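Undergrad: Give me the fold of what follows.
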Amino acid sequence: ARQHGLKSPSMSSSPDSTSDIGMPLPGRSGGFVGFVDSIKHLTNPGAFIAKWTKRHGPIFQTTLFFSPTVIIGDAKAVEEMVSKEEDIASLGLPEPFRELHTVHSALNHDGDRHKASRVILQELLNLDMFQEYLPETERRITTYLADLSESKETYLAKDQISFWVRYFGELWCNRQLSDEEIQMFKDYNTGLYALGSWDPKFKTAKAALDHLVAANIKGIEEARARSFSRPRDSLIKKLSTCVDETGEIISDERIAVIGVLFTWG
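TA: Residues are numbered from 1 along each chain as shown. Now for the predicted structure:
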């Protein structure tokens with residue numbers, strides 16, 4: 001974590017990169033080092049931490065996403081820190097990642113708000129709902145594999161992404177996604193790993209997110225106007241009865257964001 005926050009899976013207990021006795025911590029610093037370490041941390045955080053804890057020990061410093069960062073790479077040390085310094089044990093995800101998940105994401109919640117979010121998610125991911133999703137999911141997969149076996153060539157990863165985003169869009173966003181919107185989901189994913197809000201990838205992802213959320217809100221309004229009469233409306237209807245930590249019904253915007261996050265996630 002950076003600036004008094006925990007960074008998962010690495011953690012920070014000091015933003016000034018010094019130990020309790022004032023001695024500089026081992027590790028690396030500097031702009032270029034920060035750029036390289038940020039990329040390596042995003043690509044494989046486990047390998048990154050393992051490499052540098054082996055060289056510098058369980059606690060070391062670096063620069064991640066342009067912020068000085070102290071990393072605790074030892075599980076026992078992390079547990080000790082969290083137990084003694086709960087006031088600074090907050091999530092330290094990169095700012096682009098947090099912003100693109102929006103204020104409605106459980107990743108950005110804590111306390112009572114996080115508890116309420118978990119209740120909402122449990123409404124969507126319980127056994128009854130999975131049983132409701134299963135027949136159509138099996139039918140889609142069977143049809144997809146049959147078509148795949150008859151095709152002369154395929155770009156498997158690309159086709160798989162399009163297949164699942166299209167299907168989950170129907171399931172979670174309650175509407176048919178266009179090819180342009182499927183590309184927007186891919187742009188959104190790319191933006192999650194942007195180095196900052198100035199990064200063009202972040203700006204493209206934010207524009208894609210805004211479009212997808214607005215389209216979902218329109219779909220929610222249409223479902224409500226027809227009294228949730230279509231079979232696929234059941235998910236939106238269920239979400240429309242969920243409440244937040246204050247006991248208020250959650251907003252259409254929050255439902256729309258849930259649709260985007262579940263479709264891609």
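Undergrad: so which strand or helix has Val36?
TA: Here Val36, judged by DSSP states H and E, is contained in helix 31-43.
Undergrad: what about His211, how many neighbours?
TA: Applying other CB atoms under 10 Å, we find 15 residues neighbouring His211. For the C-beta atoms, the positions are set from N, CA and C on the backbone; glycine is no exception.
Undergrad: Assign it to one of the three secondary structure states.
TA: The three-state assignment at His211 reads helix, by DSSP: H, G, I helix; E, B strand; the rest coil.
Undergrad: isn't it right next to Leu177, touching?
TA: No. Using CB atoms under 8 Å as the test, His211 is too far from Leu177 to be in contact (11.2 Å).
Undergrad: Show me what the helix or strand hosting Ile141 packs onto, helices and strands only.
TA: Here Ile141 sits within helix 127-150, counting by DSSP H and E. Contacts defined by 3 or more CB pairs under 8 Å, 6 or more residues apart in numbering; DSSP states H and E place helix 127-150 against helix 156-172.
Undergrad: list the contacts for Phe97?
TA: Contact partners of Phe97, counting by CB atoms under 8 Å, 6 or more residues apart in numbering, are 192-193.
Undergrad: before we move on, the earlier item: if you count contacts, what does the helix or strand following the helix holding Val36 end up packed against?
TA: Scanning forward in sequence from helix 31-43 by DSSP H and E, the next helix or strand is helix 45-56. Applying 3+ CB pairs under 8 Å, 6+ apart, we find helix 45-56 packed against helix 31-43, strand 59-64, strand 67-72.
Undergrad: any idea how far Asp244 is from the spatially most central residue of the chain?
TA: Centrality entry for the chain: nearest residue to the mean C-alpha point is His101, 5.8 Å, by CA atoms, centre = their mean. Distance from His101 to Asp244, counting by CB to CB, to the nearest Å: 17 Å.
Undergrad: Ok, Lys218 next?
TA: Relative to Asp244, and taking CB to CB, Lys218 is found at 22 Å.
Undergrad: between the two, which one's more packed in?
TA: Taking other CB under 10 Å, Lys218 and Asp244 do not tie; Asp244 has more neighbours (18 against 13).
Undergrad: Show me the helices in the stretch 151-265 of the chain, by range?
TA: 156-172, 179-191, 200-225, 234-239, 252-264 (DSSP state H, counting those that start in this stretch).
Undergrad: average model confidence for the fourth one?
TA: Looking back up the chat, that one is helix 234-239. Mean pLDDT, computed over helix 234-239, is 87.
Undergrad: just how off-centre is it within its chain?
TA: Relative to its chain's centre, helix 234-239 lies at 22 Å (CA atoms, centre = their mean, to the nearest Å).
Undergrad: do the longest one as well
TA: Helix 200-225 has its average C-alpha position 16 Å from the chain's average C-alpha position, going by CA atoms, centre = their mean.
Undergrad: and if you look at stretch 228-238?
TA: In terms of CA atoms, centre = their mean, the centre of stretch 228-238 is set 25 Å apart from its chain centre.
Undergrad: where are the low-confidence patches of the stretch 1-150 of the chain?
TA: Within the stretch 1-150 of the chain, the stretches with pLDDT under 70 are 1-24, 27-34, 65-67, 81-92.
Undergrad: Any idea which of the helices of the stretch 151-265 of the chain gets closest to Leu25?
TA: Comparison of these against Leu25 by CB to CB identifies helix 200-225 as nearest, at 30.2 Å.
Undergrad: May I see the buried residues of that closest one?
TA: Buried residues in helix 200-225, counted by 16 or more other CB atoms under 10 Å: 201-202, 204-206, 208-209, 212-213, 215-217, 219-220, 223.
Undergrad: when you compare where that helix runs with where helix 156-172 runs, what's the angle?
TA: Here helix 200-225 runs at an angle of 40 degrees relative to helix 156-172 (axes from the mean of the first three to the mean of the last three CA atoms, to 10 degrees).
Undergrad: Per-residue pLDDT of the residue lying closest to Ser162 once chain neighbours are set aside, please?
TA: Closest residue to Ser162 apart from its sequence neighbours, by CB to CB, 6 or more residues apart in numbering: Ile182 at 5.6 Å. Note for Ile182: predicted pLDDT of 95.
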